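J.: sequence unknown, structure follows:
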């Protein structure tokens, strides 16, 4: 009997010990479970969360994923709050991806959100690029390595103040194209793109051992809502290709009810916490957790406007209020980065306004990844909620001031054309997207020069067919500009036949609103001289891609810059660096409007109308020794540019 009784006692003791361990684990992950000794669970909404085990590299044997249960999220069956931040891999040099992620962790965030830009991954129809700075798999794997979950926002439309909202411009070759609908030409292109994108994404889902816990269906469709069948199509396109994680939608309050799709959790976007905005989610979906997918930490800038800033204290107080209401949150943006190249978007409401190169956004980190007061205020807030110590913030990278850089050589655009650009001949003007270039995918970005022969002068009228801005020349003499506001010019009289040249810049396609189908660039229709449409054009594509720059570098005709010269022209100089290169900012005081290239990298546009006055130059794009700088200046050129260690984004104005 004693041996049997001993075994029974040991068995009961083991069960008791197991129950105690299970209870302790439950207390760890379920802070508001009733304890053995009754005590109040204080602050049941903003209690302290301990997510030390809820990180990608520590959760093995996963089965459940991110789920919704009444008013809360569960991750592998454990209560979970999404503290997210947006960082876009395509706006940040690859060498800095991990730095930005470590700063997210140090701020107290547990989730990274990113868009996926179709127009970068498939710049030419049927040719896909997921390499180097577009290596999405590497970016998402790096997030997992650094303990961040991922909410993926694959579009196909992303908005994001990005050219055409991330849609490739070659879609607009079809004159009947209806973007963001179930129009056959659009869905066939989306299907082909998803066929290449999803095999990269699917293995990185939570249930496959990856960091992706949720996937967004399209983006802010409630503000577009042209096709009631479209959202269901996008959802099917995701599910049929192996997406198994929680689906979400994202809309502002006014678009919520129009952007829903069955089976996806609706989330809301805003900056100011209006009374009842989160409760409004209950009117479109009952008994579900609430999430702010885009809490706007700042705002973007347009050329000719101010640099917008959003008060740090107001921002943090609003975040605290959102959390007290039990909602999850994603900070858009945590780090904005840069619209390198020609990729900025635009707005078209009463008038067309293109976005600046910087996507600093007055976000939690600056354009160059430095801390702001918002970072430290948010870190303090999140540290009061999270039940484990936050990592120390990484050291910031020092910035360099390399001083004045002399642009000592130049070559006129008119001298470059015969040797570097083969013109397309056409009786009629052809818009940029329909030029027979790039394996019949047309031209996406940059400039187009239209050249024809005229006899005499007179009245030149665009009939509002210039997209977006044209400099007009007779031979090489500058006459004026045509754009949305100026549609006519007087051409001087002259003897004999002369060349009329229109250098047209695509300043960026609209990325939000109902005008997406109208974003063809260049000359989109006839130009009239004395009421007669002009004919017989030579059309020069000036995309300024790396191959063009390489040819330009070796072309004959570069000469010393004279004391005064008016563009359009290319200017060249050298920056010599003795030690390890560091980030810097290029200030172009005395220059008017154009584009800067450093070692073949397109830093983006500058324009004297501001607000932005410096261009961000990442240190990894520089090298010890000689660094080549090429500037394409449209009009008035300076002789030097300045490398400075502090950015200047223009006069500030607080967001209303």
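T.: Nice, thanks for sending it over. Quick caveat, the model's predicted, so the values are computed rather than measured.
J.: buried residues in stretch 583-590?
T.: Buried residues in stretch 583-590, counted by 16 or more other C-beta atoms under 10 Å: 583-588. Every residue, glycine included, has its C-beta placed from N, CA and C.
J.: Tell me the secondary structure at residue 178.
T.: coil (DSSP: H, G, I helix; E, B strand; the rest coil).
J.: isn't it right next to residue 186, touching?
T.: Yes. Residue 178 lies in contact with residue 186 (C-beta atoms under 8 Å); the separation is 6.3 Å.
J.: Neighbour count: those two, which is higher?
T.: residue 186 (21 against 17; other C-beta atoms under 10 Å).
J.: quick one, helices of the stretch 251-400 of the chain?
T.: For the stretch 251-400 of the chain, applying DSSP state H, counting those that start in this stretch gives helices covering 281-284, 312-324, 373-383.
J.: Include distance to residue 428 when you put these into TSV, please.
T.: Listed next are those as TSV, based on distance: least, C-beta to C-beta, whole Å:
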stretch	distance to residue 428
helix 281-284	49
helix 312-324	52
helix 373-383	52
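J.: Out of those, flag the one nearest residue 95.
T.: Proximity to residue 95 (C-beta to C-beta) singles out helix 373-383 among the helices of the stretch 251-400 of the chain, at 20.7 Å.
J.: Return the set of buried residues in that closest one.
T.: 374-375, 377-379, 381-382.
J.: what do you get for stretch 122-137?
T.: Using 16+ other C-beta under 10 Å as the test for burial, stretch 122-137 gives 122-125, 128, 130, 133-136.
J.: And stretch 140-159, by the same measure?
T.: In terms of neighbour count (16+ other C-beta under 10 Å), stretch 140-159 has its buried residues at 140, 142-144, 146-159.
J.: Distance across it, terminal residue to terminal residue?
T.: Distance between the two ends of stretch 140-159: 21 Å, counting by C-alpha to C-alpha, to the nearest Å.
J.: and it, average pLDDT?
T.: Regarding stretch 140-159, the rounded mean pLDDT is 97.
J.: now swap in stretch 380-398 and tell me
T.: For stretch 380-398, the mean per-residue pLDDT is 93.
J.: And that stretch, end to end?
T.: 24 Å.
J.: ditto for stretch 74-83
T.: Stretch 74-83 has its terminal residues 14 Å apart, counting by C-alpha to C-alpha.
J.: Would you map the strands across the stretch 251-400 of the chain?
T.: In order along the chain, the stretch 251-400 of the chain carries the following strands (DSSP state E, counting those that start in this stretch): 265-270, 291-296, 307-309, 328-335, 346-348, 352-354.
J.: distance between the fifth one and the chain's centre?
T.: This means strand 346-348. Offset of strand 346-348 from its chain centre (C-alpha atoms, centre = their mean, to the nearest Å): 15 Å.
J.: So which residues make contact with it?
T.: Identification of contacts with strand 346-348 by C-beta atoms under 8 Å, 6 or more residues apart in numbering yields 302, 352-355, 468, 507-513, 515.
J.: Going through those residues, which ones are buried?
T.: Neighbour counting over these (16+ other C-beta under 10 Å) leaves 302, 352-355, 468, 507-512 as the buried ones.
J.: hang on, residue 213 in a strand?
T.: Yes. Using three-state DSSP, the assignment for residue 213 is a strand.
J.: do you know how far it is from residue 263?
T.: 16 Å (C-beta to C-beta, to the nearest Å).
J.: Settle it for me: which of those two has more neighbours?
T.: Each of residue 213 and residue 263 had its neighbours counted (other C-beta under 10 Å), and the higher figure belongs to residue 213 (25 against 11).
J.: need the contact list for that one.
T.: By C-beta under 8 Å, 6+ apart, the residues touching residue 213 are 65-66, 75, 111, 149-151, 206, 245-246.
J.: 6 Å - rerun?
T.: With contacts defined as C-beta atoms under 6 Å, 6 or more residues apart in numbering, residue 213 is in contact with 66, 149, 206, 245.
J.: Just list whatever residues bridge to residue 266.
T.: Assessed by DSSP bridges, residue 266 has beta-bridge partners residue 249.
J.: Can you check what pLDDT the model gives residue 105?
T.: Value for residue 105, per-residue pLDDT: 98.
J.: Low-confidence ranges, the stretch 101-250 of the chain, go.
T.: Scanning the stretch 101-250 of the chain for pLDDT under 70 picks out no residues.
J.: which residues of it fall in helices?
T.: 118-121, 136-145, 184-201, 230-239.
J.: Select, out of those helices, the one closest to residue 365.
T.: helix 136-145 (16.0 Å).
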